[in-house]
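Participant: With the sequence up front, the predicted model follows.
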Amino acid sequence: MRRDPVTGHWVILSPERKMRPRFYVQNGENVLTPGNCPFCEGNESMTPPEIYAVRDRQSRANERGWRLRVVPNKYPALRVEGSLDKRGEGFYDKLNGIGAHEVVIETNSHVKGMDELGVEEVTEIFLTFKRRILDLKKDIRFKYIQVFKNHERMAGATISHPHSQIVALPVVPLRLGEMLDAARGHFEVRDRCMFCDIIYHEGEYGKRVLVENGEFIVISPFAPKMPFELAIYPKGHGASFEDAADSSVGSLASILRDVLGRLNRALERPAYNLILHNSPFGMGCGDYFHWHIELVPVITGTGGFELGTYTYINPTVPEEAIKVLSGKG
């Protein structure tokens, strides 16, 4: 891992990643089938040994009979083994690529997305995220855990079988640091959580709210970077997803299935990225940070202006996006 002294961003240099097989498309065709998919039931030997699984009671580890599996990424961006060895190279900063990189194989079905699974099955996926975070955070080398899902090739997936990923980092990413700085500044001035204020205001305003239930609200942000970008917030304040009650995770699964169904109907099943923004470890940000999920359909690309300025041009006004997703546009 190397830190860019100009921007402050940490970059993971991982030559192993280029060894990943490109299962999605060859000669214009999707070549991955249940017979050769490493994430399908019966092909357990094609992955590293499982870390965690939801199984039938009679089944054995790394064999058939599972409904969900967690395995180490075969081509990891970071590795658990070793020490951080923070050091300098001239005035540059670098450290060893220490962390964890896990794959959550969400279902034994080769094709079912989260919107097609039952609420209980989606709940189990998010409970698995919770359990893996609780386990990984015991390692004092890790400062942050990123849970994310790349759905479809345009969103960065290399295997079509439904899956998510968990990456434990030895540093706090710059983007999260910027969120924390903004939230801390808001709290210091107003003595209130910035995210709780967003939830209250959007609930009162109404025009950027897509759907809500007793525990969660889904909004299109006031200043979205991408068309049809959505944010899912728990209504009750909480900095850490892993501290959420299991019953709340079920409520999250229900509303996420609803939202994905709306995206699929309105946008003809788009590729998307799902990102869990969670609190880092040991930073005492419980009063002012608020965990949430970012859901971004992949509709437009990122151009030179965005890369050069970090200022995004979005052709879709959030209020109009809500109308379209609500079936009123």
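Facilitator: Yep, that arrived.
Participant: Please enumerate the helices of the stretch 101-250 of the chain.
Facilitator: Under the criterion DSSP state H, counting those that start in this stretch, the stretch 101-250 of the chain contains helices at 119-136, 174-190, 194-205, 246-267.
Participant: what's the closest of the ones you listed to residue 4?
Facilitator: Proximity to residue 4 (C-beta to C-beta) singles out helix 174-190 among the helices of the stretch 101-250 of the chain, at 9.3 Å. C-beta here means a position set from N, CA and C on the backbone, and glycine is covered the same way.
Participant: Next, the angle helix 194-205 makes with the closest one.
Facilitator: In terms of direction (axes from the mean of the first three to the mean of the last three C-alpha atoms, to 10 degrees), helix 174-190 departs from helix 194-205 by 80 degrees.
Participant: let's have the chain start at 511 instead
Facilitator: Yes, from this point I'll number from 511; that puts the last item at helix 684-700.
Participant: Contacts for helix 684-700, please.
Facilitator: By C-beta atoms under 8 Å, 6 or more residues apart in numbering, the residues outside helix 684-700 that reach it are 517-520, 654, 682, 702-705, 707, 787, 790, 793, 795, 797-800.
Participant: Name the residues of it that are buried.
Facilitator: 686, 689-690, 693-694, 696-697 (16 or more other C-beta atoms under 10 Å).
Participant: re earlier: which of the contacts of helix 684-700 are buried?
Facilitator: 520, 654, 682, 703-705, 787, 790, 793, 795, 798-800.
Participant: What about those residues, which are in strands?
Facilitator: Among the buried ones among the contacts of helix 684-700, the residues falling in strands (DSSP state E) are 520, 654, 787.
Participant: Quick check: bridge partners of the first one?
Facilitator: So the one you mean is residue 520. As for beta bridges, residue 520 partners with residue 513 under DSSP bridges.
Participant: likewise the last one?
Facilitator: Per DSSP bridges, residues listed as beta-bridge partners of residue 787: residue 802.
Participant: so it touches residue 795, yeah?
Facilitator: No. Residue 787 is beyond contact range of residue 795, at 11.9 Å (criterion: C-beta atoms under 8 Å).
Participant: doesn't residue 781 make contact with residue 663?
Facilitator: Yes. If you go by C-beta under 8 Å, residue 663 and residue 781 touch, sitting 7.0 Å apart.
Participant: Between which two of the buried ones among the contacts of helix 684-700 is the distance greatest?
Facilitator: Maximum distance among the buried ones among the contacts of helix 684-700 (C-beta to C-beta): 27.1 Å, for 520 and 703.
Participant: for the protein, which spans come out with low pLDDT?
Facilitator: 531-540, 839 (pLDDT under 70).
Participant: Kindly report which residue of it is located farthest from the centre.
Facilitator: Largest separation from the mean C-alpha position in the chain: residue 600, at 35.0 Å (C-alpha atoms, centre = their mean).
Participant: what about it, distance to residue 513?
Facilitator: The gap separating residue 600 from residue 513 is 12 Å, by C-beta to C-beta, to the nearest Å.
Participant: ok, residue 828 - contacts?
Facilitator: 718, 730-732, 734, 739.
Participant: now what about stretch 830-839, what contacts it?
Facilitator: 717-720, 730, 734, 737-739, 772-773, 775-776.
Participant: Repeat the analysis, applying 7 Å as the threshold.
Facilitator: Here stretch 830-839 makes contact (C-beta atoms under 7 Å, 6 or more residues apart in numbering) with 717-720, 730, 737-738, 772-773, 776.
Participant: Stretch 556-570 now?
Facilitator: Against stretch 556-570 from outside (C-beta under 7 Å, 6+ apart): 548, 571-572, 575-582, 584, 612, 634, 638, 641-642.
Participant: Equivalent analysis for stretch 733-749, please.
Facilitator: Taking C-beta under 7 Å, 6+ apart as the rule, stretch 733-749 contacts 703, 705-706, 709, 720, 725-731, 754, 758, 765-766, 769, 773, 777, 789, 795-796, 799-807, 809-810, 822, 824-826, 828, 831, 835.
Participant: The same query, at a cut-off of 6 Å, please.
Facilitator: 703, 706, 709, 725-731, 789, 795-796, 799, 802-807, 809, 822, 824, 826, 828, 831 (C-beta atoms under 6 Å, 6 or more residues apart in numbering).
Participant: which of those are buried?
Facilitator: Buried among the contacts of stretch 733-749 (16+ other C-beta under 10 Å): 703, 706, 709, 725-730, 789, 795, 799, 802-807, 809, 824, 826, 828, 831.
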